[in-house]
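Colleague: would you be able to build a 3D model of this:
(chains A, B, C and D)
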There are 2 protein chains.
Amino acid sequence: MGARPPGSTDAPPRDAAPLVRPAARTVPPSTVARLPGYLRALAEVEAQGVRTASSDALADVAGVSPAQLRKDLSFLGSHGTRGVGYDVAHLRGQIGVVLGLTRQRPVVIVGLGNMGHALANYPGFTERGFVVVGLVDADPRVAGTQVAGLRVEPAERLADVVREGGATMAVITVPAGAAQDVCERLVAAGVRGILNFAPRALQVPDGVDVRSVDLGSELQILAFHDRRKAQPSG
Amino acid sequence: MGARPPGSTDAPPRDAAPLVRPAARTVPPSTVARLPGYLRALAEVEAQGVRTASSDALADVAGVSPAQLRKDLSFLGSHGTRGVGYDVAHLRGQIGVVLGLTRQRPVVIVGLGNMGHALANYPGFTERGFVVVGLVDADPRVAGTQVAGLRVEPAERLADVVREGGATMAVITVPAGAAQDVCERLVAAGVRGILNFAPRALQVPDGVDVRSVDLGSELQILAFHDRRKAQPSG
DNA sequence: TAGATTGTTAATCGATTAACAATC
DNA sequence: TAGATTGTTAATCGATTAACAATC
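Modeller: Modelled structure (predicted):
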């Protein structure tokens, strides 16, 4: 528990010189947000049998500019070879380390409505390094049922489910009105990363990370760009 | 009407002086992305009976800083009253206009797996200004079935479904390998805004807007922040 | 060596924050 | 009027882009 809170703006203290240089001192948030995309791109080209890829090739698959990809990767340390490119398998491993994907991470899902149900069965979580270890729903008609091979637990067992599964991450797919309460109980149980699908801003203490996915908002943002293109077709 | 448009770098062409000043000349992307959140916050306080709210109060509900909220709203024109605050109903209407939510927008969903199924039944789309007018799935076992009160159409009817529904927006929930092809066919049929759930970067021509929601990536980004907090609990 | 491509620097651009004059 | 709060300005901060020296 001696760790200093990361991401502080002051000069980073260097208590002891580490023998092994840590892969990254700091990685900007915008870069972190793109790393999963690079991981996807690497998996894709690797599946095609490519062993080495240039920043141009990778950037093309990932949908970014080569300059941005190189800049992003430079924050992780130097993992390419000038004149050659990047070793696909090696870079994949490095990004995995930076993202903390060296072990499967247990995740709990709270709220087994349509969305929660779909996420519990979503293969993408498993493929990307996560295991759903627990399901919780407050509705007594839902608790006790089986979803994706797991028993749905009642609301009062939330903390137990988190602790028994060793989960530090959770997905909230409850109605908006219940989201903040669920959030607080998850945090109290030890959860430090929350993926929130409820259309509501969640208040969390320092050290807890929330990412919100609001599907209605996504469409509204698209609608903004679409609004002038309205077609008076006949 | 002698005021010069502020904040523009180049001289904007002024072909004809509009009688009604358009609500916004340009709105920065980062601001656009936050407008749906303000809409949500306004709906919430309005439901509590609040008629007028300060930037402090709204920002609190929306989860942003008061300065940022005021700055964002200033791009839409001036809709508050100094010393008083914002008229909740009026501001809600204004943001709705800016986002182009003055009419229900028809949306097509392609891919009726777990996720597509959940989205077809998602009340949040309806509540936020959208109507699902068509469903398409390439799987012959899925096409022909009924989902959310609509018949799922086969892949070859994609363009018809888009045109018959008048949809300019679509949701892609097909496997990654099929996403680019579906995307191109949607664009060819007239779709201009795409919400993509497939974990793949989509190539689109100018004038088409894509927003990608990759749930695996979201968890991986959370994992980055969570990685050092690993608990060797006993 | 010559060609290719990274890693890094510097310049540009955009977004956020803080402060406060304007004004209800 | 005095107090409250917006709208806007200027300063800061962070992200992106372009260019190229380093180097395989």
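Colleague: can you give me the helices in chain A?
Modeller: Assigned by DSSP state H, the helices in chain A fall at A:29-47, A:55-62, A:66-74, A:88-99, A:114-120, A:123-127, A:158-165, A:176-188, A:215-226.
Colleague: could I get these as TSV with mean neighbour count?
Modeller: Every C-beta, even on glycine, is put in place using the N, C-alpha and C of the backbone. Output for these, formatted as TSV (neighbours: other Cβ atoms under 10 Å in any protein chain shown):
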stretch	mean neighbour count
helix A:29-47	19
helix A:55-62	20
helix A:66-74	17
helix A:88-99	18
helix A:114-120	23
helix A:123-127	15
helix A:158-165	18
helix A:176-188	18
helix A:215-226	22
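Colleague: make JSON lines out of these and add distance to DNA strand D and mean pLDDT.
Modeller: Below are the helices of chain A laid out as JSON lines (distance: least, Cβ to the nearest atom of the strand, whole Å; pLDDT from 0 to 100):
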{"stretch": "helix A:29-47", "distance to DNA strand D": "4", "mean pLDDT": "98"}
{"stretch": "helix A:55-62", "distance to DNA strand D": "9", "mean pLDDT": "98"}
{"stretch": "helix A:66-74", "distance to DNA strand D": "4", "mean pLDDT": "98"}
{"stretch": "helix A:88-99", "distance to DNA strand D": "14", "mean pLDDT": "97"}
{"stretch": "helix A:114-120", "distance to DNA strand D": "27", "mean pLDDT": "97"}
{"stretch": "helix A:123-127", "distance to DNA strand D": "24", "mean pLDDT": "94"}
{"stretch": "helix A:158-165", "distance to DNA strand D": "30", "mean pLDDT": "98"}
{"stretch": "helix A:176-188", "distance to DNA strand D": "24", "mean pLDDT": "98"}
{"stretch": "helix A:215-226", "distance to DNA strand D": "17", "mean pLDDT": "96"}
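Colleague: and of these, who's closest to residue A:195?
Modeller: Nearest of these to residue A:195, taken as Cβ to Cβ: helix A:114-120 at 8.9 Å.
Colleague: anything in the closest one near chain B?
Modeller: Yes: applying Cβ under 8 Å from any Cβ of the partner chain, one finds helix A:114-120 touching chain B at A:114-115, A:117-119.
Colleague: other residues contacting that helix?
Modeller: The contact list for helix A:114-120 (Cβ atoms under 8 Å, 6 or more residues apart in numbering or on different chains) reads A:109-110, A:112, A:125, A:132, A:135, A:137, A:147-148, A:150, A:171, A:173-174, A:197, B:114-115, B:117-118, B:121-122, B:215.
Colleague: just checking, which of those residues belong to strands?
Modeller: If you go by DSSP state E, the contacts of helix A:114-120 have A:109-110, A:132, A:135, A:147, A:150, A:171 in strands.
Colleague: how many other residues sit next to residue A:51?
Modeller: As a burial measure, residue A:51 scores 11 neighbours (other Cβ atoms under 10 Å in any protein chain shown).
Colleague: correct me, but it touches residue A:86?
Modeller: No: Residue A:51 is beyond contact range of residue A:86, at 10.0 Å (criterion: Cβ atoms under 8 Å).
Colleague: tell me, how many neighbours does residue A:212 end up with?
Modeller: As a burial measure, residue A:212 scores 19 neighbours (other Cβ under 10 Å).
Colleague: quick one: it and residue A:218 touch, right?
Modeller: No: using Cβ under 8 Å, residue A:212 makes no contact with residue A:218, being 10.9 Å away.
Colleague: roughly how far apart are residue A:140 and residue A:156?
Modeller: For residue A:140, the distance to residue A:156 equals 11 Å [Cβ to Cβ, to the nearest Å].
Colleague: again with residue A:104
Modeller: From residue A:104 to residue A:156 the distance is 27 Å (Cβ to Cβ).
Colleague: kindly report the same for residue A:96.
Modeller: 37 Å.
Colleague: got it, and residue A:99?
Modeller: As judged by Cβ to Cβ, residue A:99 and residue A:156 stand 34 Å apart.
Colleague: swap in residue A:213?
Modeller: Going from residue A:213 to residue A:156 by Cβ to Cβ gives 27 Å.
Colleague: higher neighbour count, the two?
Modeller: The neighbour comparison of residue A:213 against residue A:156 (other Cβ under 10 Å) goes to residue A:213, with 18 against 11.
Colleague: my read: that one touches residue B:213, true?
Modeller: Yes: between residue A:213 and residue B:213 there is a contact under Cβ under 8 Å: 5.9 Å.
Colleague: for DNA strand D, what's the nearest residue on chain A?
Modeller: Nearest to DNA strand D, among the residues of chain A, is residue A:83, at 2.2 Å (Cβ to the nearest atom of the strand).
Colleague: show the pLDDT at that residue.
Modeller: Predicted confidence (pLDDT) for residue A:83: 97.
Colleague: how many neighbours does it have?
Modeller: Neighbours of residue A:83 under the rule other Cβ under 10 Å: 6.
Colleague: could you check how far it is from residue B:141?
Modeller: 51 Å.
Colleague: ditto for residue A:33
Modeller: 37 Å.
Colleague: what is the burial count for the closest residue to residue A:195 other than its chain neighbours?
Modeller: Spatial nearest neighbour of residue A:195, chain neighbours left out: residue A:171 (4.7 Å); criterion: Cβ to Cβ, 6 or more residues apart in numbering or on different chains. By the criterion of other Cβ under 10 Å, residue A:171 has 29 neighbours.
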